[in-house]
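1. sequence first, then the predicted structure:
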Amino acid sequence: MVISPDGRYSWNGKRWKNSPKGTIQKFVWDGKKWGRVPPEDGGTVFSPDCKMMWTGKVWIPAPPDGNQELEEETTQNQLKSINPLMENFGNHDKEFIRLSRNESSLSLVAIIFTFIITSSLFNSQIVQPMLFDASLINQGRHSITFDAWNTISEDDGISIVAIGSSMIHYSIDGICIEEEISSDENLFVYNLGAPGSMPYMEMIQTEAAISANPELILLEVGPNSLWDVEEYDLSEFFELKLTIYSLTMELGYGGEWEEILRESEKNMLDYGINQLSSESKFANDAVEELLTRILLNETSAPSPTSYASVPHPNSNGWQDYLRTPKWLFSKLELMDEKERSDWENVTVVNKIKYGVNNPLHNGTLNHAALEYMVSRFSESGIEVVLVSPPLHPLLIAELEEGQYDGHNTTLSRLSEYDGVSIMNLIWEDFWSDDDFYDHNHLDRDGRKTFCQEVGPRISDILED
């Protein structure tokens, strides 16, 4: 118990009360340890303004002086008003019987509604902006998908949208292709490619894409799209993608893609009205980041100009970013002579052996996802171009005969749907070393080549 220096008052955790007669203070805190206080000295640790007193753990209000009165009567009145409530708390027959079923139901609905609104605001006003600026994840681009489709649905123009992995992301400069195709200001080419993605994850945006109703979809179908997901443990990546999708996807975008998902992935998805599990994954980090910004004026977010950061959908740079995103500088251009030699003689040779460079003919979750996407786009009247992004000529030279047969047969089968055509850029001879960021991504020169070569082909498809 904390006793005032003169022994007259004791602290009950909320307020000072009169101490029993004869009470004295025997110990005092000197900032390092408790020490005994001789009766003739008394004393304790007070704040400079003498309004607070240190208990050894926390600061509490200093005891009243001789001119102040303790609020004993007020306290007793408060206790009298509280006691009946506490007595009735466990007596359901006495108090709660007065509520009708309708009143109880309305109260419950009100509580749930308030909770949902509060939860929704936390997600939309705190968590989602931190996903875009890469405070909570290492790459904000993973969070753009559904906000992007909302923007596309409202552009009132001719929309061409590219979907795929980082290979599509690094290939398409939408503004350049717009200028190559037409001078029409109502033509928009969007790049929604995302790092590390694959058809198995990209299929989840299918119904949102159909709702936006673009004129043309450029769907990546490369050798890297046709590997067996079940051979690898990708649970962390899937959880990241599905958690973000759950937080950003609207109700009504469900579909047969849910039947393709495995149970392990279905359990990670809670989009719509029940987002509690998804929010909880980011909640602690989001609150910590928010407090850091408020109290310390610091942030873990990278610079807004960095590759990892994405403009907020309400910002002026949002639509331009969807058309011409940020890219990293070319790896190949930064290599010295030894690094380049190691890359050519070791890295490229090893890359060609990886699973993604051994595409299967059919039977994988990625194949099922592509089949679903293409069939849905086709029956919805949206034209589709199956795009196979280019690969570095040195990697192509290392291929064994027939190594990409699974890719060729998949393209052929998917192209049988109405309104579907193929743009296989792997075997074109206009690609050079200068066009590549690494073995399978284009750099700034490669994007110019892509723009100049692919732009006219897209124009022809639109005119047919």
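-> Nice, I can see it. In this text, all values refer to a predicted model and were calculated from it rather than measured experimentally. Numbering: from 1, shown residues only.
2. so, low pLDDT: which residues of this protein?
-> For the chain, applying pLDDT under 70 flags the ranges 1-9, 11-15, 21-51, 54-60, 63-123, 271-277.
3. mind giving me the domain split of it?
-> 1-67, 82-119, 141-234+248-261+304-463 (automatic domain parsing).
4. can you tell me the closest non-neighbouring residue to Ser166?
-> Leaving out its chain neighbours, the residue that sits closest to Ser166 by CB to CB, 6 or more residues apart in numbering is Pro195, at 4.3 Å. Quick note: C-beta positions are derived from backbone N, CA and C, even for glycine.
5. tell me the SS of Ser159?
-> Here Ser159 is recorded as strand under DSSP: H, G, I helix; E, B strand; the rest coil.
6. so what's Ile172 up against?
-> Neighbour list for Ile172: Ala162, Val189, Asn191, Gly193, Leu218, Arg447, Phe450 [criterion: CB atoms under 8 Å, 6 or more residues apart in numbering].
7. tell me which of those is nearest to Ile426?
-> Each of these was scored against Ile426 by CB to CB, and Phe450 proved nearest at 12.8 Å.
8. looking at this, the closest one is in a helix?
-> Yes - judged by three-state DSSP, Phe450 forms part of a helix.
9. one step back: tell me the most buried of the domains of the chain?
-> Per residue and on average, the most neighbours among those fall to domain 141-234+248-261+304-463, with a mean of 18 (mean count of other CB atoms under 10 Å).
10. what's the first-to-last distance across that one?
-> Terminal residues of domain 141-234+248-261+304-463 are spaced 32 Å apart (CA to CA, to the nearest Å).
11. adjacent strands (with direction) for the helix or strand where Ser421 lies?
-> Secondary structure from DSSP states H and E places Ser421 in strand 420-424. Its sheet considered, strand 420-424 pairs with strand 383-388 (parallel) by DSSP bridges.
12. and the following helix or strand past the partner strand, how far out from the chain's middle?
-> Following strand 383-388 in sequence order, the next helix or strand is helix 393-397 (DSSP H and E). Centroid separation between helix 393-397 and its chain, computed with CA atoms, centre = their mean, to the nearest Å, is 36 Å.
13. begin at 18, not 1, for the rest of this chat.
-> Yes, from this point I'll number from 18; that puts the last item at helix 410-414.
14. helix 410-414 packs against which elements?
-> On a contact count with 3 or more CB pairs under 8 Å, 6 or more residues apart in numbering; DSSP states H and E, helix 410-414 meets helix 365-368.
15. so what touches the helix it packs on?
-> Helix 365-368 has contacts (CB under 8 Å, 6+ apart) with Asn374, His409, Leu411, Leu412, Glu415, His456, Asn457.
16. quick one: those residues as CSV, columns for distance to Leu349 too.
-> Formatted as CSV, the contacts of helix 365-368 follow (distance: CB to CB, whole Å):
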residue, distance to Leu349
Asn374, 19
His409, 9
Leu411, 10
Leu412, 12
Glu415, 16
His456, 9
Asn457, 12
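17. quick check, nearest of those residues to Tyr389?
-> Nearest to Tyr389 among the contacts of helix 365-368: Asn374, at 24.3 Å, using CB to CB.
18. residues contacting the closest one?
-> Asn374 neighbours (CB under 8 Å, 6+ apart): Pro240, Asn241, Lys368, Leu412, Leu416, Gln420.
19. which of those sits closest to Glu306?
-> Nearest to Glu306 among those is Asn241, at 33.9 Å by CB to CB.
20. hmm, His458 and the closest one touching each other?
-> No - assessed by CB atoms under 8 Å, Asn241 is found out of contact with His458, at 10.9 Å.
21. are there residues contacting both of the two? Which ones?
-> The contact sets of Asn241 and His458 overlap at Met184 (CB under 8 Å, 6+ apart).
22. related to what we said a few turns ago, now the domains of the chain in JSON lines, with distance to Ser152?
-> As requested, those are exported to JSON lines (distance: least, CB to CB, whole Å):
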{"stretch": "domain 18-84", "distance to Ser152": "32"}
{"stretch": "domain 99-136", "distance to Ser152": "19"}
{"stretch": "domain 158-251+265-278+321-480", "distance to Ser152": "9"}
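23. put the alpha carbons of the strand holding Ser438 into PDB.
-> Extracted in PDB, the C-alpha atoms of strand 437-441 (Å, rounded to 0.1, in the frame of the first residue of the first chain):
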ATOM      1  CA  VAL A 437      -8.800 -16.200 -78.400                       C
ATOM      2  CA  SER A 438      -5.500 -15.700 -80.300                       C
ATOM      3  CA  ILE A 439      -1.800 -16.400 -79.600                       C
ATOM      4  CA  MET A 440       1.200 -14.000 -79.400                       C
ATOM      5  CA  ASN A 441       4.200 -16.300 -78.800                       C
END
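24. what's in contact with that strand?
-> Strand 437-441 is contacted from outside by 235, 391, 394-395, 400-405, 428, 431-432, 471, 474, 478, using CB under 8 Å, 6+ apart.
25. tell me where the protein has strands.
-> For the chain, the strands defined by DSSP state E occupy 19-20, 26-28, 33-35, 44-46, 51-53, 69-71, 76-78, 175-180, 204-208, 233-237, 400-405, 437-441.
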